[in-house]
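**Student:** okay, sequence plus prediction incoming.
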Amino acid sequence: MNFVAMDFETANAKRDSACSLALTIVRNSQVTDEFYTLIKPESDFFWRNVQIHGIHETDVASAPKFPEVWDHIAPFFQRDRLVIAHNAPFDTGVLRQTLAHYGIGAPEYLSMDTVKTSKRFYPELPNHKLDTMCDALNIELQHHHNALDDSLACANILLTEAQQFGTEQLKPFVRVQG
């Protein structure tokens, strides 16, 4: 399996307020690379978001704005590339609205939501939140709501599902974004 797991954290409830991003790159069913960056949003921080992820406005003061980050990560978002996320509507929405905020065209790429796959394969669980899934599948999640830890956990969820149920069972969950 080849894919990229993506996770954003936001400064506030607005989807164009990305303040951190992580990508975990998987090639041949192995984690081969990781990317993490803070992002300076053009938006104020809301105390509740800071409480969740621990990123303060001062932490991103010298961080790049999203267009600089996009220049680096855009190659991962192509028509034939799979990008996954745990609760993908949130992360794909952050990407789409942040790109729109900067007048950058949204790319077409393949996506998959590991919340949806988890609900299908593990219906007996009380919920399918990232930390619940990690506990159930014995996947390490050191710092929940740290984008890098969350993207790695998401990648490991999909790898575990592929191993337990086969990649053919995952194909119906692939969607085209863009």
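**Tutor:** Great, that's in hand.
**Student:** for this protein, which helix is longest?
**Tutor:** In terms of residue count, the longest helix belonging to the chain (DSSP state H) is helix 147-165.
**Student:** ok, residues contacting it?
**Tutor:** Outside of helix 147-165, the residues within contact range by CB atoms under 8 Å, 6 or more residues apart in numbering are 1, 3, 5-9, 20-24, 26, 29, 31, 34, 36, 53, 84-86, 112, 114, 117-118, 121, 130, 133-134, 137, 139-144, 169-170. Yep, even glycine has a C-beta here, placed from its N, CA and C like the rest.
**Student:** so which helix or strand takes in the residue of the chain most remote from its centre?
**Tutor:** Most distant from the centre of the chain: Glu124, at 24.4 Å, with distances by CA atoms, centre = their mean. Using DSSP states H and E, Glu124 sits within no helix or strand.
**Student:** and the gap between it and Lys116?
**Tutor:** Distance, Glu124 to Lys116, by CB to CB, to the nearest Å: 16 Å.
**Student:** could you measure from Gly93 over to Asp135?
**Tutor:** Taking CB to CB, one finds Gly93 at 26 Å from Asp135.
**Student:** between the two, who's got more neighbours?
**Tutor:** Taking neighbours as other CB atoms under 10 Å, Gly93 and Asp135 compare with Gly93 leading, 15 against 12.
**Student:** that one and Thr160, how far apart?
**Tutor:** Distance of Gly93 to Thr160, given as CB to CB: 26 Å.
**Student:** and after the longest helix of the chain, which helix or strand comes next?
**Tutor:** Remark: after helix 147-165, the chain's next helix or strand is strand 175-177, criterion DSSP H and E.
**Student:** what's the neighbour count on Phe173?
**Tutor:** Phe173: 17 neighbours (other CB under 10 Å).
**Student:** and for Arg96?
**Tutor:** As a burial measure, Arg96 scores 16 neighbours (other CB under 10 Å).
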